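S.K.: 3D, please:
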Amino acid sequence: MAKESFDKEIQFLRLLVLTSGAYSRQQFADRLGISVHTFDKTIRRLKDIVASVHRQLPQEQGREFAETLRFSYYDSADPMLLFLYRAKSLKESESVRLALLLEAMRDEPLAVTELLDACCGGMPADGPLPDEKTIRADVKYLEDVGAIRREPGGRPYRYRVRDELVKELTFDELLDLYDFVDVMANTQVPSVQGYLLRDSLKRALKRREPELETAATEPFLYKYHYYPRLLDEAHLYALLQAIRERRYVRFLYFSPKTRKSYGSRNTNPLFERDTSGKEERVLPLKVVYDHQYGRWYLLGHDSRGALKKYRLEGLTQIAEAEAVPETPYAAKREELEERLRFSWLIDTGERVTVRARFYKPEGGGPDFVKERVLLQGQWGRIAEEDDGSFVYEIEVNGTTEIKPWLRSFGSSCEVLEPDHLRREMIEEWKEIRGYYEPVRENL
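M.R.: Numbering: from 1, shown residues only. Prediction:
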């Protein structure tokens, strides 16, 4: 897929998950800023990707595209949104060619000319045949990403697949490694690379034991809540690379408040249309993940030196720009860290002291309320404590980000200070109480 197409499919899948198919074709196209014709083409493209991912299944057991996004509770051990990453965002010819090269180098090291012969012999009859220059570029790409290694010796250089780890481990060691990767991929962020590694290890186990049952390789089941977070990881590594290289990035940004989440790039001036996205040029300084809502945020400075914050779900058409010297970049990073020192997440507002009383569970059982406060309370401290409650105190930049955490304790938490936060919590609980009022008095 081309770069713009990958952005489009990311936003397409995000809307499909969030709306659960509630939009009509026209509503979906309007929200994405594309035509209905482009919507239909994207559906066909995604169906082709799903078919290629599940090509090992008999046709009568193949999955329809709509069914891939109907998640049941236990299906979340294998998030279906990963099929977009398995397509590798490559053109179809590139996917076929790289697969042939890796298969050819699996058993013995080969030179570029031998790889060219193997690739030409395995290409589909209707596919374009590569030349030596193309194969050399593919080999360099595979070497850069660590999939293959060059064997010692002079020219002509020979290359082979880097699969020593899988070959040297026993079956039980390989199964233990799979279990470890499975747990980490489902409990840590970022996760996409862990899921892809888990799939590779599962295939290696199947090659060792073709009769191995699926249940033997999946002893853990997870309920995954934030599927769109996996889509945001498509931008994560490009931004981290820009941070390492101290480079500006350019992108088209769609704020969560806008009605659209994507805008097509029109090359024909006759069909030029206004887009609700905003072109941004930013020096990225930090990427932050919000565990509460499963969101990624980018923090950086614009060309005027102002601090800017973006949700990664709104970024499209990311491109690197010029680099900046190390000394001024380090100064900007230090300034940002100082402004975030009292941020519950990324808030850089006015500093305020929050005091809240937490009530311990009745009955003398484990004090899970205190355990959770100590685990999640960051740099806050317990200022007072008695047999029935304790007072938690923390200094934060603003109250917007800490309020959902306090509210999640329900009746076990009473906000004491500041007064405006206490009033806000009272009004919110009154509103929630109103939701449970009977519709009729005699109901």
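S.K.: would you map the helices across the stretch 251-400 of the chain?
M.R.: 326-339, 368-376 (DSSP state H, counting those that start in this stretch).
S.K.: confidence score at S5?
M.R.: pLDDT, S5: 58.
S.K.: from here on, count from 12
M.R.: Shifting the count to begin at 12 puts that one at S16.
S.K.: just so I know, which of the helices of the stretch 262-411 of the chain lies nearest A122?
M.R.: helix 337-350 (41.0 Å; CB to CB). From N, CA and C alone the C-beta is placed, and that goes for glycine too.
S.K.: what's that closest one packed up against?
M.R.: strand 289-301 (3 or more CB pairs under 8 Å, 6 or more residues apart in numbering; DSSP states H and E).
S.K.: same thing but 10 Å
M.R.: Packing contacts for helix 337-350, counted by 3 or more CB pairs under 10 Å, 6 or more residues apart in numbering; DSSP states H and E, involve strand 289-301, strand 306-313, strand 318-322.
S.K.: what comes into contact with that helix?
M.R.: Identification of contacts with helix 337-350 by CB atoms under 10 Å, 6 or more residues apart in numbering yields 254, 257-258, 294, 296-297, 310-312, 316, 318, 334-335, 357-360, 408.
S.K.: low pLDDT regions in the stretch 162-311 of the chain?
M.R.: Low-confidence segments of the stretch 162-311 of the chain, defined by pLDDT under 70: 224-228, 234-236, 270-287.
S.K.: can you pull the contacts of R108?
M.R.: Applying CB under 10 Å, 6+ apart, the residues contacting R108 are 101-102, 126, 130-131, 133-134, 138-141, 145-146, 149.
S.K.: swap the cut-off to 8 Å and go again
M.R.: C130, M134, P141, T145, D149 (CB atoms under 8 Å, 6 or more residues apart in numbering).
S.K.: so for P239, which of the helices of the stretch 262-411 of the chain sits nearest?
M.R.: So among the helices of the stretch 262-411 of the chain, helix 379-387 is nearest, using CB to CB, at 23.0 Å.
S.K.: what's the mean pLDDT across the closest one?
M.R.: Per-residue scores along helix 379-387 average to 93.
S.K.: quick revisit: buried members of the contacts of helix 337-350 into PyMOL, please.
M.R.: Buried subset of the contacts of helix 337-350, written as a PyMOL selection, criterion 16 or more other CB atoms under 10 Å:
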select buried, resi 254+257+258+294+296+297+310+311+312+318+357+358+359+408
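S.K.: contact partners of stretch 246-266?
M.R.: Contacts for stretch 246-266 (CB under 8 Å, 6+ apart): 201, 271-274, 286-298, 307, 309, 314, 321, 323, 325-337, 340.
S.K.: buried set for stretch 129-140?
M.R.: A129, C130, M134.
S.K.: any chance of the residues you listed in CSV, plus distance to L241 and pLDDT?
M.R.: As requested, these are exported to CSV (distance: CB to CB, whole Å; pLDDT from 0 to 100):
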residue, distance to L241, pLDDT
A129, 34, 84
C130, 32, 84
M134, 32, 78
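S.K.: from those, which land in helices?
M.R.: A129, C130 (DSSP state H).
S.K.: quick one on the thing from earlier: distance to G44 added to the contacts of R108, as JSON lines?
M.R.: Formatted as JSON lines, the contacts of R108 follow (distance: CB to CB, whole Å):
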{"residue": "C130", "distance to G44": "39"}
{"residue": "M134", "distance to G44": "37"}
{"residue": "P141", "distance to G44": "36"}
{"residue": "T145", "distance to G44": "35"}
{"residue": "D149", "distance to G44": "35"}
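S.K.: hmm, which two among the residues you listed are most spread apart?
M.R.: The widest separation within those (CB to CB) is 12.7 Å, between M134 and D149.
S.K.: now the common contact residues for the two.
M.R.: What both M134 and D149 touch, as defined by CB under 8 Å, 6+ apart, is the set R108, P141.
S.K.: residue ranges of each domain in the protein, please.
M.R.: As recorded under automatic domain parsing, the domains making up the chain are 14-80, 103-176, 180-228, 238-350, 362-446.
S.K.: the shortest one: how far from the chain's middle?
M.R.: Computed by CA atoms, centre = their mean, to the nearest Å, the chain-centroid distance of domain 180-228 equals 20 Å.
S.K.: the closest residue to S46 other than its chain neighbours: neighbour count?
M.R.: Among residues not flanking S46 along the chain, A40 sits closest, at 6.0 Å (CB to CB, 6 or more residues apart in numbering). Residues lying near A40 (other CB atoms under 10 Å) number 18.
S.K.: A40 and K19: what is the separation?
M.R.: 11 Å (CB to CB, to the nearest Å).
S.K.: shared neighbours of those two, which are they?
M.R.: Common neighbours of A40 and K19 (CB under 8 Å, 6+ apart) are T49.
S.K.: check M12 and give its pLDDT.
M.R.: 39.
S.K.: thanks again, I'm all set now.
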